[in-house]
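Peer 1: Need a 3D model of the sequence below.
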Amino acid sequence: MASRTRRPGPATGARDGSRRRRLPMRLLLPSLVLVALMAMLMLRGYVHSEILADHRVQPPAATDRVPEQILKGGPVIDTRSGRTTSLRVPDHRLVLTFDDGPDPVWTPRVLDVLKEHHAHAVFFVTGTMTSRYPDLVKRMVDEGHEVGLHTFNHPDLSYQSKQRIDWELSQNQLAISGAAGIRTSLFRPPYSSFADAMDNKSWPVTDYIGSRGYITIVNNTDSEDWQRPGVDEIIRRATPQDGKGAIVLMHDSGGDRSQTVAALDRFLPDLKARGYEFDNLTEALDAPSAHTQVTGLDRWKGKAWVFLVQASERITDVLVVALAVIGFLVISRFVLMLLLSGVHARRVRRRDFSWGPTVTEPVSVLVPAYNEAKCIENTVRSLMASEHPIEVVVVDDGSSDGTARIVEAMGLPNVRVVRQLNAGKPAALNRGLANARYDIVVMMDGDTVFEPATVRELVQPFGDPSVGAVAGNAKVGNRDSLIGAWQHIEYVMGFNLDRRMYDTLRCMPTIPGAVGAFRRSALERVGGMSDDTLAEDTDITMAMHRDGWRVVYAENARAWTEAPETVQQLWSQRYRWSYGTMQAIWKHRRALVERGPSGRFGRVGLPLVSLFMVLAPLLAPLIDVFLLYGIIFGPTTKTIGAWLGVLAIQAVCAAYAFRLDRERMTHLISLPLQQILYRQLMYVVLLQSWITALTGGRLRWQKLRRTGVVEAPGGGVPRPRTPQDGADRRPAG
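Peer 2: Numbering: from 1, shown residues only. Predicted coordinates for the structure are as follows:
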């Protein structure tokens, strides 16, 4: 399937050893994209408490090491500068406190009720929620409420080291400074209660936090709204006795807070009527504000943090949508392939099936060849065993390795050699077409071998006068290596199963360069082979559709081709294919709005090709990215189950394709590894193609190095490679 090329120039990298050690841009850019995506996912996991989260809660402990004045004191605990004091809220003053927010649903409703009743409160926010919803924290500050720290991701600090405590506080402050431009001196420990619940585990933490400059705020009136006991019960529990002041604990996050909002709407006016004031903490204590403005570098650090978190949220949302899209596309493609390929196989394998009158007239076989000395003899000898009358036209495209001399020295009948200066594969095919004698033209590559029945099977569809071109069944001959086995799976499943589907839909996108046939008149009507794109086989196929010709698939027209044997060669081939396919889609884009056969292909074939051959492979690595994310951060079982489900669907399709092609199932053992590694390679290749297309770059034709290991089949299949065959694996020059 490889295209013969303009002769490549000398490798510049050979003159500069240092350049060889640099990471190629084609690897660097896709790698940076993958790293950036993983970084965004990690950041999301971090702010969603999926990383470093600790959900342990300390059981009650002894209290003998807690100062008496703390146990019997008020809910405001100040241990700054070596002090050990506590304060109570004056009578008829209530400080409403809300924990665990901000929440995008309930916090705005709480703020609306507070604003309606002209009340202030204190919101103890977590760094994770502040980072995700910074606008709500800014609104709290702008409307006169105070904000306090509630750690970054809500661990029980009695389990944590001093370094972790400092980290929880600093990250919480960073998020608040980025959201509202302030620092706060108020702190409430997660899982805290009344002052008399302080014990030997929690007191050292409180004492240490005071040394870091924070006042610890617990509560002395708990609404227990998190239990959702009902609006009346929340109000009863939140109401202090005998007009005393209190710090009331409520929640604006962590679940359904509709009862809290409804209770507030009644609680505020009722207690105001009884002489209570609803202030933030420093107002209630007649103390300086707990907020200080953040400026300079600290302010910009906070802004940068919030920006990155917001970006990670949006990018992750896009990735989730993209994952849903790729999941839909993958499953849709598999369903279509299974259904339509089955329809195709049943149709063409019926005993009474016929394309029309049997085609017996001779055909011309065109073999464009550029430096195919290692392969050309096998190719030509396989044609000489053909069961159908043929002439062979070998077009030597300026080879420098004696390809033409090898063919001439064979002295075979009906084999001609046409020489030309190196001009590329399309020009070589057009030159061969000009020298062909017959009305049906078969095209193949110089590294491909045919079975005796290949040409006969390939030309029978021309018994139908509406058929203008036929795609054959290209198969990998060098499949005994891992990379060859992967391509073998791809050819059988991804190409030939696809071709059955596209044949049924009458929108075949590509006739493989390794094995295809054309009506000469159809080729001449569309102007012959074009060098407008790097995928001349896709270009000519689309041109055939637009001209009204039918393009079909002949499953029994088997050709054995030598697939790339190294990652570098595979990369070069697939880069050309993917970029050339994009060029062909763009070249024939007007088919989308045209009428007749061209419009039908444009509105059916082009979208399918774009979705399944360009978009889906580009998004496919998201399956593996989210697999890795799910394994590390959970839910691990569901993630692995979903990935195995997708793999099972692929395995079913692959097994079905192998059954249709009568291939041995043993090669499918490498399918899981192929799906993990091969998908990344195709992603990088496609991303590079997109970058080339978007930047207006041009890609040179590239000659793949051949080893000549695929020989003429004996008894219908190529002979297996022996150890002696592999002794000389040096590529042709």
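Peer 1: Now for residue 296, how many residues are close by?
Peer 2: By other CB atoms under 10 Å, the residues close to residue 296 number 7. Using the backbone N, CA and C atoms, a C-beta is placed for each residue, glycine as well.
Peer 1: quick one: it from residue 394, how far?
Peer 2: 76 Å (CB to CB, to the nearest Å).
Peer 1: Would you confirm that residue 498 contacts residue 338?
Peer 2: No - the criterion here is CB atoms under 8 Å, and residue 498 misses it with residue 338 at 11.8 Å.
Peer 1: With neighbour numbers in mind, choose between those two.
Peer 2: residue 498 (24 against 17).
Peer 1: Now that one: which helix or strand?
Peer 2: helix 497-505 (DSSP states H and E).
Peer 1: Show the average pLDDT along that helix.
Peer 2: Averaged across helix 497-505, pLDDT comes to 90.
Peer 1: How about residues contacting it?
Peer 2: 336-337, 340-341, 343-345, 347, 471, 508-509, 551-553, 555, 604-605, 608, 612, 653, 656-657, 660 (CB atoms under 8 Å, 6 or more residues apart in numbering).
Peer 1: Apply 6 Å and report the result again.
Peer 2: 336-337, 340-341, 343-344, 471, 508, 552-553, 657 (CB atoms under 6 Å, 6 or more residues apart in numbering).
Peer 1: Quickly note the distance from the residue lying closest to residue 106 once chain neighbours are set aside to residue 221.
Peer 2: Spatial nearest neighbour of residue 106, chain neighbours left out: residue 257 (4.0 Å); criterion: CB to CB, 6 or more residues apart in numbering. Noted for residue 257: a distance of 18 Å to residue 221, by CB to CB.
Peer 1: again, but for residue 601
Peer 2: 74 Å.
Peer 1: Following element in sequence after the one helix or strand residue 271 maps to, please.
Peer 2: Per DSSP H and E, residue 271 falls inside helix 258-273. Later in the chain than helix 258-273, the nearest helix or strand by DSSP H and E is strand 277-278.
Peer 1: Tell me the strands beside that following strand, with direction?
Peer 2: strand 93-101 (parallel) (DSSP bridges).
Peer 1: between the next helix or strand after the strand it pairs with and strand 93-101, how many degrees?
Peer 2: Per DSSP H and E, strand 93-101 leads on to helix 106-116 as the next helix or strand towards the C-terminus. With axes from the mean of the first three to the mean of the last three CA atoms, to 10 degrees defining the directions, helix 106-116 sits at 160 degrees from strand 93-101.
Peer 1: ok now the following helix or strand past helix 106-116, how far from the chain's centre?
Peer 2: Heading C-terminal from helix 106-116, the first helix or strand you meet, by DSSP H and E, is strand 121-125. The chain centroid and the centroid of strand 121-125 are separated by 39 Å, computed with CA atoms, centre = their mean, to the nearest Å.
Peer 1: tell me the mean pLDDT over strand 121-125?
Peer 2: Rounded mean pLDDT across strand 121-125 is 98.
Peer 1: One more: stretch 542-559?
Peer 2: If you average the pLDDT values across stretch 542-559, you get 94.
Peer 1: and that stretch, which residues are buried?
Peer 2: Burial within stretch 542-559, assessed by neighbour count using 16 or more other CB atoms under 10 Å, is assigned to 542-547, 549-555, 557-559.
Peer 1: Tell me where the stretch 551-700 of the chain is predicted with low confidence.
Peer 2: Residue ranges of the stretch 551-700 of the chain with pLDDT under 70: 634, 693-700.
Peer 1: So which residues of it form helices?
Peer 2: 567-587, 596-600, 606-609, 616-619, 621-633, 636-660, 671-673, 679-694 (DSSP state H, counting those that start in this stretch).
Peer 1: Dump those helices to TSV, plus distance to residue 54 and mean neighbour count.
Peer 2: Shown next, in TSV, are the helices of the stretch 551-700 of the chain (distance: least, CB to CB, whole Å; neighbours: other CB atoms under 10 Å):
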stretch	distance to residue 54	mean neighbour count
helix 567-587	43	20
helix 596-600	61	16
helix 606-609	49	20
helix 616-619	35	19
helix 621-633	14	18
helix 636-660	18	16
helix 671-673	35	15
helix 679-694	34	19
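Peer 1: Format those helices as CSV; extra columns: distance to residue 430.
Peer 2: Output for the helices of the stretch 551-700 of the chain, formatted as CSV (distance: least, CB to CB, whole Å):
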stretch, distance to residue 430
helix 567-587, 17
helix 596-600, 23
helix 606-609, 25
helix 616-619, 31
helix 621-633, 39
helix 636-660, 34
helix 671-673, 40
helix 679-694, 26
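Peer 1: Could you pull out the helices in the stretch 301-450 of the chain for me?
Peer 2: Counting by DSSP H, counting those that start in this stretch, the helices of the stretch 301-450 of the chain are 376-384, 403-410, 425-435.
Peer 1: tell me the angle of the shortest one relative to helix 376-384?
Peer 2: It stands for helix 403-410. 50 degrees.
Peer 1: Relative to residue 134, how far out is residue 313?
Peer 2: 11 Å.
Peer 1: So the two - more neighbours on which side?
Peer 2: Taking neighbours as other CB under 10 Å, residue 313 and residue 134 compare with residue 134 leading, 23 against 18.
Peer 1: residue boundaries of the strands in the stretch 51-200 of the chain?
Peer 2: Using DSSP state E, counting those that start in this stretch, the strands of the stretch 51-200 of the chain run over 76-78, 85-87, 93-101, 121-125, 146-149, 182-184, 186-187.
Peer 1: Go through these and pick out the most buried.
Peer 2: Ranked by average neighbour count under the criterion mean count of other CB atoms under 10 Å, those are headed by strand 121-125 at a mean of 28.
Peer 1: which helices and strands does it pack with?
Peer 2: strand 93-101, strand 146-149 (3 or more CB pairs under 6 Å, 6 or more residues apart in numbering; DSSP states H and E).
Peer 1: sorry, back to before: please identify which of residue 601 and residue 221 sits among more neighbours.
Peer 2: Each of residue 601 and residue 221 has its neighbours counted (other CB under 10 Å); residue 601 has more, 28 against 23.
Peer 1: how near is the nearest residue to the more buried one once chain neighbours are set aside to residue 506?
Peer 2: Once flanking residues are discounted, residue 601 sits nearest to residue 545: 3.9 Å by CB to CB, 6+ apart. Distance from residue 545 to residue 506, counting by CB to CB: 8 Å.
Peer 1: Likewise for residue 77?
Peer 2: Taking CB to CB, one finds residue 77 at 79 Å from residue 506.
Peer 1: cool, residue 439 as well?
Peer 2: Distance from residue 439 to residue 506, by CB to CB: 23 Å.
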